[in-house]
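> Here is a sequence together with a model predicted from it:
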Amino acid sequence: MACTCVVGLQWGDEAKGKIVDLLTAEHDYVVRYNGGANAGHTVVWGPRIFKFSLLPTGILHERVHAVIGNGVVVYPPRFREEVEQLRAAGVSAGDNLIVSDHAHVIFPYHMEEGRLSEEENGSALGTTGRGIGPCYQDKVGRVCGIRVGDLLDETTLRDRLNAIVPRKNRILQALATNGSTVRFFEAETLAAEYRGYGEYLRPYVTDTTHLLHRALQGNKRLLFEAAQGSLLDVDHGTYPYVTSSNSSPAGIWSGSGVPARRLDRVIGVIKAYTTRVGRGPFPTELNDSIGERIRRTGREYGTVTGRPRRVGWLDAVAGRYTALITGADEIAVTLLDVLSGLPELSICTGYQVEESGRKVPIDYPSDPKRFARCRPIFERLPGWTENVSNARRLADLPAAARRYLDRISELVQKSVTFVSVGADREQTIRS
Ligand code: IMP
């Protein structure tokens, strides 16, 4: 398989990092194509735990090239922090890390813009506060975008910032609501700071589109690592409660320059239950002691923001939809171990909305208002009491856990090829 993609089928945090890590050894390049430091990947590497928000997970494999594609938005201070974290741990992040010169750059005014617009709208979206949306807005708006390549040239960077920063300060002023304090910026100060980051980034920067095509011509194997989940995709997710990029494989073509038809295998990652961070409809949400228990056992707190994640039962309607739009060939079910000990489990097999006093069954709705009105139809399945974290084959699992996996597979209409029963690499069943 030349090109594989690992993608989330829910609202992010599906433990994609672990599946990417397992597959990295079978690939030559690991490529991030969307998002920025809003993502959170936790990788357990022997006794060490690494948390990345910007670098591709594949960075830990020194033989593999880890690529930050043009569709990613790069926050240089975070880039430096993560590279230094690796160096401190003795992992060389040098030749194998590559950053696109076309990737857009996040500046502190993006974070300020994001903060003020959330403040103005009463935290309407519940973003991660990393300046992701404002940076993508500047990319698409074309007037204020700055790319990684621009950081490498002092004159270009200074000219761009001298034109952009006064405009940004006016926008920040306009966004401020009564009583909010606004941080304003100074072009020359930012230019000096980001020139420094430019020099730090310089050895890693290249035109990654050409690089990836040369790799394909040389029969190299590429692994695309999606950030966030497909329900957060700006086009196909639960808009407006989404992120600002294509977190489904739709983003691969635009975010790396590798055409979609080069993709041979899409692995959809789905947690054995559902979580969501931030605002937006969540039909299977559990606001009770079961939800609290799952949150605690699954350590469902944001890697980036530390916020407690909202928790709910597995939603097979949403899973079937994202399996469709991602073109998933197979699914990886993660965090199955977290459900051990629950006497009974529920899976959402359908939605219904109330219309003219009648309950009407509907499929996954594209209209967000209708989605907010969806009520889940649950099917109940028996739970299991056994600890499953030592299972290495499907046959090691209790019958109820196997039944649960079979039912997910039937409802999502894809085969389950990976089951994760713990954070370690070994705690994986491949079928
Ligand atoms: P933004 O990506 O910071 O603009 O946030 C938009 C929405 O996406 C918010 O609800 C965030 O909580 C959510 N989000 C962004 N990145 C992730 C992620 O990696 N995991 C889960 N949710 C995320």
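Done, it's in. Residues are numbered from 1 along each chain as shown.

> Just give the number of residues close to residue 358.
Counted with other Cβ atoms under 10 Å, the neighbours of residue 358 add up to 8. All C-beta spots, glycine's among them, are computed from the backbone N, C-alpha and C.

> Just the pLDDT at it, thanks.
At residue 358, the pLDDT value in this model is 92.

> and residue 267, what does it touch?
Going by Cβ atoms under 8 Å, 6 or more residues apart in numbering, residue 267 touches 4-7, 19, 23, 328-332, 417-418.

> any idea which element it lies in?
Using DSSP states H and E, residue 267 falls within strand 265-271.

> helices and strands of the protein: which one bottoms out on pLDDT?
strand 41-45 (a mean of 73; mean pLDDT, DSSP states H and E).

> hang on, the earlier thing: for the contacts of residue 267, which one is nearest the ligand?
residue 7 (12.5 Å; Cβ to the nearest ligand atom).

> excluding its backbone neighbours, what's nearest that closest one?
Nearest non-adjacent residue to residue 7, counting by Cβ to Cβ, 6 or more residues apart in numbering: residue 226, 4.2 Å away.

> what kind of secondary structure is the one you found in?
What DSSP: H, G, I helix; E, B strand; the rest coil gives for residue 226 is strand.

> So which of the contacts of residue 267 reach the ligand?
With Cβ under 6 Å from any ligand atom as the criterion, no member of the contacts of residue 267 is in contact with the ligand.

> Among these, name the ones in helices.
19, 23 (DSSP state H).

> Need the contact partners of stretch 379-397.
Defining contact as Cβ under 8 Å, 6+ apart, one finds that stretch 379-397 is touched by 336-337, 339-347, 349, 398-405, 407, 419, 421-422, 426-429, 431.

> Which of the residues in it are classified as buried?
Within stretch 379-397, the residues that count as buried by 16 or more other Cβ atoms under 10 Å are 381, 383-384, 388, 391, 397.

> Just the CA trace of it, in PDB.
Output of stretch 379-397 as PDB, limited to C-alpha atoms (Å, rounded to 0.1, in the frame of the first residue of the first chain):
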ATOM      1  CA  GLU A 379     -29.900  -0.400  21.500                       C
ATOM      2  CA  ARG A 380     -28.700  -2.000  24.700                       C
ATOM      3  CA  LEU A 381     -26.000  -4.600  24.900                       C
ATOM      4  CA  PRO A 382     -24.600  -6.600  27.800                       C
ATOM      5  CA  GLY A 383     -21.300  -5.300  29.300                       C
ATOM      6  CA  TRP A 384     -18.400  -7.300  30.700                       C
ATOM      7  CA  THR A 385     -16.600  -7.300  34.000                       C
ATOM      8  CA  GLU A 386     -13.200  -8.700  32.900                       C
ATOM      9  CA  ASN A 387     -10.200  -6.500  32.500                       C
ATOM     10  CA  VAL A 388      -9.400  -6.700  28.700                       C
ATOM     11  CA  SER A 389      -6.100  -4.800  28.700                       C
ATOM     12  CA  ASN A 390      -4.100  -8.000  28.300                       C
ATOM     13  CA  ALA A 391      -6.100  -9.400  25.400                       C
ATOM     14  CA  ARG A 392      -3.900  -9.800  22.300                       C
ATOM     15  CA  ARG A 393      -6.300 -11.800  20.100                       C
ATOM     16  CA  LEU A 394     -10.000 -11.400  19.600                       C
ATOM     17  CA  ALA A 395     -10.500 -14.800  21.200                       C
ATOM     18  CA  ASP A 396      -9.000 -13.400  24.400                       C
ATOM     19  CA  LEU A 397     -11.900 -11.000  24.800                       C
END
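
> What is the neighbour count of residue 295?
19.

> Surely it touches residue 302?
No. Residue 295 is beyond contact range of residue 302, at 11.5 Å (criterion: Cβ atoms under 8 Å).

> what do the two both touch?
Both residue 295 and residue 302 are contacted by 308-309, under the criterion Cβ under 8 Å, 6+ apart.

> list the contacts for the residue nearest in space to the middle of the chain?
The centroid of the chain falls nearest to residue 228 when counting by Cα atoms, centre = their mean (1.8 Å). Counting by Cβ under 8 Å, 6+ apart, residue 228 touches 8, 11-12, 34-35, 38-39, 243, 245, 247.

> Against the ligand, how distant is it?
Counting by Cβ to the nearest ligand atom, to the nearest Å, the gap between residue 228 and the ligand amounts to 5 Å.

> Against residue 120, how distant is that residue?
Distance, residue 228 to residue 120, using Cβ to Cβ, to the nearest Å: 24 Å.

> what's the answer for residue 158, then?
31 Å.

> okay, these two: which has more neighbours?
Ranked by neighbour count (other Cβ under 10 Å), residue 158 and residue 120 place residue 158 first, with 17 against 14.

> Let me know the helix or strand that that one is in.
Going by DSSP H and E, residue 158 is part of helix 154-175.

> Who are the packing partners of that helix?
helix 108-120, helix 187-201 (3 or more Cβ pairs under 8 Å, 6 or more residues apart in numbering; DSSP states H and E).

> Quick check: which element contains the residue of the chain found nearest the ligand?
The minimum distance from the chain to the ligand, using Cβ to the nearest ligand atom, falls at residue 278 (2.1 Å). Secondary structure assignment for residue 278, by DSSP H and E: no helix or strand.

> shouldn't it be in contact with residue 126?
Yes. In this structure, residue 278 is within contact of residue 126 by Cβ under 8 Å, at 3.1 Å.

> Among the two, which residue is more densely surrounded?
residue 278 (21 against 16).

> Let me see the contact set for the more buried one.
Residue 278 neighbours (Cβ under 8 Å, 6+ apart): 125-128, 241, 307.

> Name the member of those that has the highest neighbour count.
Neighbour counts for the contacts of residue 278 peak at residue 128, which has 25 neighbours (criterion: other Cβ under 10 Å).

> pLDDT value on the residue nearest to that residue when sequence neighbours are not counted, please?
The spatial neighbour of residue 128 that comes closest, neighbours along the chain excluded (Cβ to Cβ, 6+ apart), is residue 38 at 4.1 Å. Per-residue confidence at residue 38 stands at 89 (pLDDT).

> give me the number of residues near residue 38?
Other residues within reach of residue 38 by the criterion other Cβ under 10 Å amount to 28.

> Could you single out the most deeply buried of the helices and strands packed on helix 154-175?
Highest mean neighbour count among these (mean count of other Cβ atoms under 10 Å): helix 108-120, with a mean of 20.

> and that helix with helix 187-201, angle?
With axes from the mean of the first three to the mean of the last three Cα atoms, to 10 degrees defining the directions, helix 108-120 sits at 110 degrees from helix 187-201.

> Can I get helix 108-120 in CSV, CA atoms only?
Extracted C-alpha coordinates of helix 108-120, given in CSV (Å, rounded to 0.1, in the frame of the first residue of the first chain):
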residue,chain,number,x,y,z
PRO,A,108,0.0,36.1,18.5
TYR,A,109,-2.6,38.5,16.9
HIS,A,110,-4.4,35.4,15.6
MET,A,111,-4.8,34.2,19.1
GLU,A,112,-6.0,37.6,20.3
GLU,A,113,-8.4,37.8,17.4
GLY,A,114,-9.8,34.3,18.3
ARG,A,115,-10.0,35.2,22.0
LEU,A,116,-11.9,38.5,21.4
SER,A,117,-14.3,36.9,18.9
GLU,A,118,-15.1,34.1,21.3
GLU,A,119,-15.5,36.7,24.1
GLU,A,120,-17.8,38.7,21.9
